[in-house]
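Q: output the structure for:
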Amino acid sequence: MKAAGWHGVLFCLLAACFCLPAEAAPRRIVSMGLCTDQLVMMLADEDTIQSVHWVTQEADDSAMAGRAARYTANHGLAEEVLRMRPDLVFADGTTSPLATALLRRQGIPIVTVPVADTFEGTRRNIRQVAAALGRPAKGEAMVADFDAALVRTKGALAGENRRALVYGANGFSAGVPSLFNDVLTHLGLTNIAARPGMAGWVSMSVEDVLRADPDLLILGEYRPEAPSQANLMLEHPALRALRRDRPVVSVATNLWNCGTPFVARAAAVLVEQVRGIDTVARP
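A: This is a model prediction of the structure:
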């Protein structure tokens with residue numbers, strides 16, 4: 001047999017090992033969490049998706065709200081999911097363990113995807129969802145695109161040794177590990193909140209922010225048009241004074257609240273905003 005023939009046989013064998021046969025591919029998919037919803041919508045055949053979580057249809061929470069509006073909304077309840085007769089369900093760290101346990105008892109396959117708090121965790125989750133859907137090649141392509149987007153912003157803000165702090169509603173900041181810490185360090189910024197004992201999303205008072213004295217303040221505003229106690233602290237007089245004499249930018253939380261390729265877009269937006277301020281500030 002010619003070499004080309006052997007290559008064809010080898011390809012077929014690999015495909016048989018790594019791809020689900022057509023009859024085994026899921027045809028009625030339900031996703032029960034904001035982060036898994038978005039990965040499923042990126043990777044699955046759109047006609048196979050039956051339902052996504054209602055939060056994913058909210059533009060302030062989801063970078064894919066428009067697309068999510070096509071599907072029936074669920075509220076993470078086992079009873080409503082059962083009525084949809086899914087052959088595959090995706091859950092994440094926000095999904096009720098009781099709901100997933102009830103679904104498993106009914107023999108419904110559940111894929112539980114951990115919450116990603118690093119770039120590498122994002123890559124793992126893309127691959128996990130793609131594998132569950134029988135689309136590993138599409139997952140690898142998405143990871144490659146994600147990495148290519150990150151290459152374009154690598155070290156983009158490293159020149160001035162800025163000490164940065166992200167500060168959001170309810171006084172939360174990005175500790176270590178967290179997706180936004182990865183964004184900051186990827187761009188060459190020093191994350192003030194990256195200190196021992198401050199892991200994940202950490203709470204900081206206004207006094208903590210003033211003592212930190214960041215060179216760059218990044219506001220993680222959430223639903224700024226809707227007055228709330230959570231956003232009120234961002235308007236504290238001391239913070240307003242701090243914001244007058246240093247660069248202040250804002251990056252939509254729907255780009256970085258989940259481990260999806262949109263995190264690379266959050267990094268690009270941050271670079272654009274900081275460079276825009278620097279350009280205006282130059283004499």
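
Q: any chance you could map the strands in the stretch 51-200 of the chain?
A: Counting by DSSP state E, counting those that start in this stretch, the segments of the stretch 51-200 of the chain that form strands are 72-74, 88-92, 110-113, 163-168, 172-174, 190-191.

Q: could you dump these into a markdown table and include mean neighbour count?
A: Where C-beta positions appear, they are placed from N, C-alpha and C, glycine not excepted. Shown next, in a markdown table, are those (neighbours: other Cβ atoms under 10 Å):
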| stretch | mean neighbour count |
| --- | --- |
| strand 72-74 | 17 |
| strand 88-92 | 25 |
| strand 110-113 | 20 |
| strand 163-168 | 24 |
| strand 172-174 | 25 |
| strand 190-191 | 20 |
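
Q: and these: which comes nearest M198?
A: strand 172-174 (8.0 Å; Cβ to Cβ).

Q: name the helices or strands packed onto the top helix by length along the chain?
A: In the chain, taking DSSP state H as the definition, the longest helix is helix 262-281. Contacts defined by 3 or more Cβ pairs under 8 Å, 6 or more residues apart in numbering; DSSP states H and E place helix 262-281 against helix 136-151, helix 179-187, strand 248-250.

Q: number of nearby residues for the residue nearest to M233 when sequence neighbours are not counted?
A: Nearest non-adjacent residue to M233, counting by Cβ to Cβ, 6 or more residues apart in numbering: G171, 5.7 Å away. Residue neighbour count, defined by other Cβ atoms under 10 Å, stands at 17 for G171.

Q: on that earlier part again, contacts for the longest helix of the chain?
A: Here helix 262-281 makes contact (Cβ atoms under 8 Å, 6 or more residues apart in numbering) with 38, 63, 119, 122, 146, 149-150, 152-153, 156-157, 179-180, 182-183, 186-187, 216, 218, 247, 249-252, 254-256.

Q: and among the helices and strands packed on helix 262-281, the most buried is which?
A: Stretch with highest mean neighbour count among the helices and strands packed on helix 262-281: helix 179-187 (a mean of 24; mean count of other Cβ atoms under 10 Å).

Q: next, the buried residues of stretch 267-283.
A: Neighbour-count burial for stretch 267-283 flags 267-271, 273-274 (criterion: 16 or more other Cβ atoms under 10 Å).

Q: now swap in stretch 232-243 and tell me
A: Quick answer for stretch 232-243 (16+ other Cβ under 10 Å): 233-234, 236, 239, 242.

Q: can you check stretch 115-132 too?
A: Neighbour-count burial for stretch 115-132 [16+ other Cβ under 10 Å]: 115-119, 121-126, 128-130, 132.
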